[in-house]
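J.: Fold the following.
(2 chains)
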Amino acid sequence: MSLTTFFQQCLTGISLGGAYALIAIGYTLVYGILRLINFAHGDIFMMAGYFMIFAMASFPWYISIPVVLLVTVLLGVSIERVAYRPLRTAPRMSVMISAIGVSYLLQNLATYLFTALPKGYPEIPFLKKIYQIGGLSASFVTFLTPVLTLIIVYGLITLINKTKIGMAMRAVAKDYDTAALMGIKINRIITFTFAIGSLLAAVGSVLYFTDRMTVFPFSGSLPGLKCFVAAVFGGIGSIPGAVIGGFILGLGETALVAMGYSTFSDAFTFVLLIIILLIKPTGLFGEKTTDKV
Amino acid sequence: MKKNTVSKNKLYTLAALLVIIGLLAFLQANTSRYSYQISILERSAIYAVVAVSMNLLTGFTGLFSLGQAGFMAIGAYTVAILTIPVDSRASVYYVNGISPAIANLHCPFWLALIIAGLIAAAMAALIGIPVLRLKSDYLAIATLGFSEIIRAVIAAPQLDRITNGSYGLKSIPGFPNLFTAFGLPVLCILLMVLLINSSYGRAFKALREDEVAAQAMGLNLFRYKELAFVISSFFTGVGGGLLAIFMRSIDSKTFSINLTYDILLIVVLGGIGSITGSIIGAFLVTAGREWLRFFDNPLVIGGFEVPLFRSGFRMVIFSILLMVVVLFYRRGIMGSNEFSWEGLGRLIRSIPSRLKRKSKAQKHPAGIPLSPESVDSNKKGDNA
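T.: Modelled structure (predicted):
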């Protein structure tokens, strides 16, 4: 493999990793606060892809993107309202099953509304423009994804560490009941968390699908699971962890594809998961948890 | 008095059994006429085996595993490879040819089913060692991951000459008759019921209720978890093998995560921790999909075509129904109770009074038996 091909693959991997990282943050935030694997997150991401197709059919891209972000946030927040909030005091397994149910519902709904056939993703002109740097050539989105990811992560970390609502989020994540006693409006914080998570899923979806060209009802389920793995890998609840997990996953997967083992690229994710769970059950940056008896 | 009711129950059971056997004999005599209904019933029976084996883990041992599809794939592929007639193998493996190691390997389907179960169980034993150290969500996601890995391995081009890669396997001989098709699932479920009612079953339940207390009572946590996992996987493997015999052609896409979700929804609908619940759930869910099929066809009332009715609407309705169960009827049909004739009698007698009370019905009747979920909720705040 020549050096140029190597760098080209690295670039693809980093770009894919950036999209993964954005989705993984959504998992990490929700898991950190609700202790819930939001199985529907991948499907929210898929729905965002469909929203984009329909928005682009009638608006130019600079109107479509904000519209898609808004609609996806609404979708995420209403899912939380309908499917998770009634189960706030229910056992954990019920909430998890509810999440699986929502994922199932979204997939079926998408199949019903948009048929199971893959639909072409619209071209956003400035993202698809090909740039050349030395021997490397890639579309603008490939360069943009990692940069945008890092900017968003920086903003998010600032939000969580410096603002009042960030402090409330940290308090809720630490101890639900005490936070409620301190006068934090738990439901509002959870809604806010879901809004951020869905927003990132929508951004990730634009970046991811621009490179993939098609959306179909099940296109969210595997990326969704992978991004959850990325979040676990980095230590669930930790944003830098999710980002690093996302990049490692993206790079590893691209490397496997480049080496000709593309059928194993999905399995790679889960092998990685099992290894990390065995060596360091809380992930790379996970907090140490102890079981109370 | 007590003795009297016991013999009465036996009489009822015997009568029900006779009715079922009579029904089977009737269907067997008219296979071509009722082939659609028979195929639904067969699929339900096979799903019931897998659902009960998942319930053995989730409902009785408190281990939330999502690896069912993977073990079913192992079972299905084992059975397929062992039972495809030697003559027709050339036509099945027409793309890549068949590996000489399995070219002449053939055995009767019952032996193939046992081997399928054993291979799935051996795999589970291997996987269980690392994975069972994990707790609830992590266990679920790790087992889910394993089932995806198994699927990727099956579809890998490197194994083309054994699993036929993405082309799948076909020409699997079907069930010889209906009695085998229903007898084998019944046998599997009976074996699991015996296990759950044995001292091992009590140990599993102890694990589910409180791991720490169970350990303090001298139970070897890991040993029992591993045992439950291996046994459950054995029957899941057999279930997968039965599915292969039922479908007669399989490919790796059949065993995706959605198959696991289907089984999970059956377990939830029937009631986590109830074997009869899982069986009823399997029949309801499988048949329900067919009953709801009219949603898929265009509906015309008086020349006006109702706009919502078209292909795919059925699954939307189906998933909404399931969400309703999860949200408002969390204990499922049976909760953690088992079917009994007394219970059925009580239910029938209580219908008139229930209808009267409907206006002031209480949402949460008192005295709900301790279910695995309510115990799990104690652990919710463990993240300090």
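J.: Only C-alpha atoms from now on, for both contacts and neighbour counts.
T.: Will do.
J.: Quick check: the residue of the stretch 201-350 of chain B nearest chain A.
T.: B:Gly312 (4.5 Å; Cα to the nearest Cα).
J.: Could you give the backbone dihedrals for that residue?
T.: Torsion angles at B:Gly312 (phi, psi; degrees, to the nearest 10) stand at phi 100, psi -20.
J.: Wait, it touches A:Ala110, no?
T.: No. At 9.2 Å, B:Gly312 does not count as touching A:Ala110 under the criterion of Cα atoms under 8 Å.
J.: Residue numbers of the stretch 101-250 of chain B in contact with chain A?
T.: B:130-131, B:134, B:137, B:142, B:145-146, B:148-149, B:152-153, B:155-157, B:212 (Cα under 8 Å from any Cα of the partner chain).
J.: Going through the residues you listed, which ones are buried?
T.: The neighbour-count test (16 or more other Cα atoms under 10 Å in any protein chain shown) marks B:131, B:134, B:137, B:142, B:145-146, B:148-149, B:152-153, B:155-157 as buried among these.
J.: mind checking the SS state of residue 64?
T.: I'll assume chain A. Recorded secondary structure, A:Ser64: helix (DSSP: H, G, I helix; E, B strand; the rest coil).
J.: not quite, I wanted chain B
T.: At B:Phe64 the chain is in coil, as set by three-state DSSP.
J.: and the gap between it and B:Val268?
T.: 12 Å (Cα to Cα, to the nearest Å).
J.: which residues do these two both contact?
T.: Common contact partners of B:Phe64 and B:Val268 (Cα atoms under 8 Å, 6 or more residues apart in numbering or on different chains): none.
J.: who's more crowded, these two?
T.: Neighbour tally, B:Phe64 and B:Val268, criterion other Cα atoms under 10 Å in any protein chain shown: the higher count belongs to B:Val268, 31 against 21.
J.: Can you get me a residue count around residue 113?
T.: Unless you meant another one, I'm taking chain A. 16.
J.: try chain B instead
T.: Residues lying near B:Leu113 (other Cα under 10 Å) number 29.
J.: again, but for B:His106
T.: Neighbour tally, B:His106, other Cα under 10 Å: 17.
J.: Also B:Val50?
T.: 36.
J.: Quick one, grab the pLDDT at A:Leu209.
T.: Not quite, residue A:209 is Phe, not Leu. As summarised for this prediction, A:Phe209 has a pLDDT of 91.
J.: and if you look at the one 4 residues further on?
T.: Model confidence at A:Met213, expressed as pLDDT, equals 83.
J.: Contacts only, for it.
T.: A:120-122.
J.: and for stretch A:214-224, what are the contacting residues?
T.: Stretch A:214-224 is contacted by residues A:20, A:23, A:39, A:41-46, A:49-50, A:107-108, A:110-111, A:114-121, A:209 when judged by Cα under 8 Å, 6+ apart.
J.: which of the buried ones among the residues of the stretch 101-250 of chain B next to chain A lies closest to A:Leu69?
T.: Closest approach to A:Leu69 among those (Cα to Cα): B:Asp137, at 29.4 Å.
J.: any idea which helix or strand carries the closest one?
T.: helix B:136-155 (DSSP states H and E).
J.: gap between that helix and the chain center?
T.: Here helix B:136-155 is found 17 Å from its chain centre; the criterion is Cα atoms, centre = their mean, to the nearest Å.
J.: Give me the contacts around that helix.
T.: Helix B:136-155 is contacted from outside by A:37, A:263-264, A:266-268, A:270-271, A:273-274, B:63-71, B:73-74, B:131-132, B:159, B:163-166, B:252-253, B:255-257, using Cα under 8 Å, 6+ apart.
J.: Show me what counts as buried in the helix or strand following that helix.
T.: Next along the chain after helix B:136-155, taking DSSP H and E as the criterion, comes helix B:160-163. By neighbour count on 16+ other Cα under 10 Å, the buried set for helix B:160-163 is B:160-163.
J.: Around chain B, which positions in the stretch 51-200 of chain A sit nearby?
T.: A:83, A:86-87, A:90-94, A:97-98, A:100-102, A:104-105, A:108-109, A:111-112, A:115, A:174-175.
J.: And those, which of them are buried?
T.: A:83, A:87, A:90-94, A:97-98, A:100-102, A:104-105, A:108-109, A:111-112, A:174.
J.: Among these, name the ones in helices.
T.: Using DSSP state H, the subset of those located in helices is A:92-94, A:97-98, A:100-102, A:104-105, A:108-109, A:111-112, A:174.
J.: What is the most widely separated pair among the residues you listed?
T.: Largest pairwise distance in those, by Cα to Cα, is 40.5 Å, between A:Tyr112 and A:Lys174.
J.: now the strands for the chain?
T.: In the absence of a named chain, chain A is used. Using DSSP state E, the strands of chain A run over A:119-120, A:130-133, A:136-139, A:214-215.
J.: The intended chain is chain B.
T.: With DSSP E as the criterion, chain B has strands spanning B:299-301, B:304-306.
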